[in-house]
Every structure is written in C-alpha cells, then in structure tokens.
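Chemist: the sequence isn't on hand, but the structure is:
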C-alpha cells in the first residue's frame, strides 16, 4: 500500500468552509477503485488542526486521485483557508501486509 | 473514534530490533476489543523513519492498551532504539463517522 498523511492548520474562521470542501473530496475519493481509506481527523485539543490518512493501493492510484475533479476542486479552494502550508508525508505499509488490507 | 498517530525515528543499526518489538505489539494490539487499527508504516524515502496509525473506539481503550503486557514490553524496549524521542498526536474522527468504521 501507498499511504499519504497530511497535516493541516486551518484559519480559525475558515473551518466550516474547509470541512465542506474536505468532506466532498474525502467522500468521493473513497469511491475511487485505488483508494482504500480517506480518513479526516481533527486534533484532540487544537480544533483548527486536522489530518488526513489516505491509503492507496499503488503510487499510480494517488496520481489518479490527483487527476479527479473532486481533488482539483479541493486543491484550488483550500490553500486560502489554511494558516500555513499543508505538510504531506508518504509511507509504505510494514504491517498489515498488502494482502491483509 | 480516538486516533493516535506516532512518528518514530529509529537508529540506523536498530531497525531490525525495532521492527521485532513493534510487530509483536501491533499484532497483539489488533486483538484488543477496543483497538480497530494498528498500522505500522515506513517512510517512503527515509528508511529509518516510521509511523503508527492507531484507532481506538474510546480514550479508555487507549488506556486499556497501555496496560497490556505487549505494550509495556514495547514501551520498555524501544526508547533505546530511537534516534530521538517519539512524537504522538491524538485526534478524533470527523469522517468517516463512528458508525461507519
């Protein structure tokens, strides 16, 4: 699997708009055949901080996600809502193994 | 859900030992009734960097995890294998909602 985590710090007065765009993207991403998870998380004690946990079968499935209309809409609308640039990190799974997902 | 992400930077010559302890902990954690996921990830391009993605039903389920023998064994053995202290962050799920996990 190919996993992307994203850390996002949203402007305090833009959280509602951020969530609208983000849920639209997440719900549609989960329908992509190569996207196994798209979890949207909110920091326990800092309510303007969010994270995504995205699981793709292969790097090409992430590329396919980035070509979708829902991703492009998110990418074009969200940067203005953030207090600082988002940080993405890419991983491979160690455990569970691929066949166990 | 109550989600914990952990970032870990392992000493280059300790990765094998780290993985032995970590897989033992992860495999047993997944058998806990309150632990829905325990994913072990390795950074795409920095092979001494790892992350965990742990999903618990409730904060009390994380507490229960921390009382297990497999966690205590991990906690006691792993710090010496790390190049710097681990960083844990706690989240709540926004999407999917609780009933969808």
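Modeler: Arrived safely, thanks for sending. Since the model is a prediction, treat every value here as computed from it, not as a measurement.

Chemist: residue A:32 versus the closest residue in space to residue A:92 that isn't next to it in sequence, what's the distance?
Modeler: In this structure, residue A:92 finds its nearest non-sequential neighbour in residue B:42, 5.4 Å apart by Cβ to Cβ, 6 or more residues apart in numbering or on different chains. Glycine gets a C-beta too; all of them are placed from N, C-alpha and C. If you measure residue B:42 against residue A:32 using Cβ to Cβ, to the nearest Å, the figure is 24 Å.

Chemist: buried set for the lengthiest strand in chain A?
Modeler: Scanning chain A for the strand with the most residues, using DSSP state E, yields strand A:82-95. For strand A:82-95, the neighbour count (16 or more other Cβ atoms under 10 Å in any protein chain shown) marks A:82, A:89-91, A:93-95 as buried.

Chemist: now pLDDT and distance to residue B:7 too, for the residues you listed, in CSV please.
Modeler: Shown next, in CSV, are the buried residues of strand A:82-95 (pLDDT from 0 to 100; distance: Cβ to Cβ, whole Å):
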residue, pLDDT, distance to residue B:7
A:82, 98, 21
A:89, 98, 9
A:90, 98, 14
A:91, 98, 11
A:93, 98, 16
A:94, 98, 14
A:95, 98, 17
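
Chemist: re the thing from before, what does the longest strand of chain A contact?
Modeler: Contacts of strand A:82-95 with the rest of the structure, by Cβ atoms under 8 Å, 6 or more residues apart in numbering or on different chains, involve A:1-12, A:14, A:18, A:48, A:78-79, A:101, B:19, B:22-23, B:26-27, B:39-45, B:50-51.

Chemist: swap in 7 Å and give it another go.
Modeler: For strand A:82-95, the external contacting residues (Cβ atoms under 7 Å, 6 or more residues apart in numbering or on different chains) are A:1-11, A:48, B:19, B:23, B:26, B:39-44, B:51.

Chemist: so which of those residues are in helices?
Modeler: Secondary structure assignment by DSSP state H places B:19, B:23, B:26 of the contacts of strand A:82-95 in helices.

Chemist: which of those count as buried?
Modeler: By neighbour count, with 16+ other Cβ under 10 Å, the ones in helices among the contacts of strand A:82-95 hold B:19, B:26 as buried.

Chemist: out of the ones in helices among the contacts of strand A:82-95, who's near chain A?
Modeler: B:19, B:23, B:26 (Cβ under 7 Å from any Cβ of the partner chain).

Chemist: show me what contacts residue A:53?
Modeler: A:5, A:37, A:39, A:41, B:53.

Chemist: at 6 Å instead, please
Modeler: Going by Cβ atoms under 6 Å, 6 or more residues apart in numbering or on different chains, residue A:53 touches A:5, A:39, B:53.

Chemist: right, and residue A:50 touches residue A:8 too?
Modeler: Yes. Using Cβ atoms under 6 Å, residue A:50 is in contact with residue A:8, at 4.6 Å.

Chemist: distance of the residue most central in space within chain A from chain B?
Modeler: What sits nearest the mean C-alpha location of chain A, by Cα atoms, centre = their mean, is residue A:52, with 4.1 Å. Applying Cβ to the nearest Cβ, to the nearest Å, the value for residue A:52 to chain B is 10 Å.
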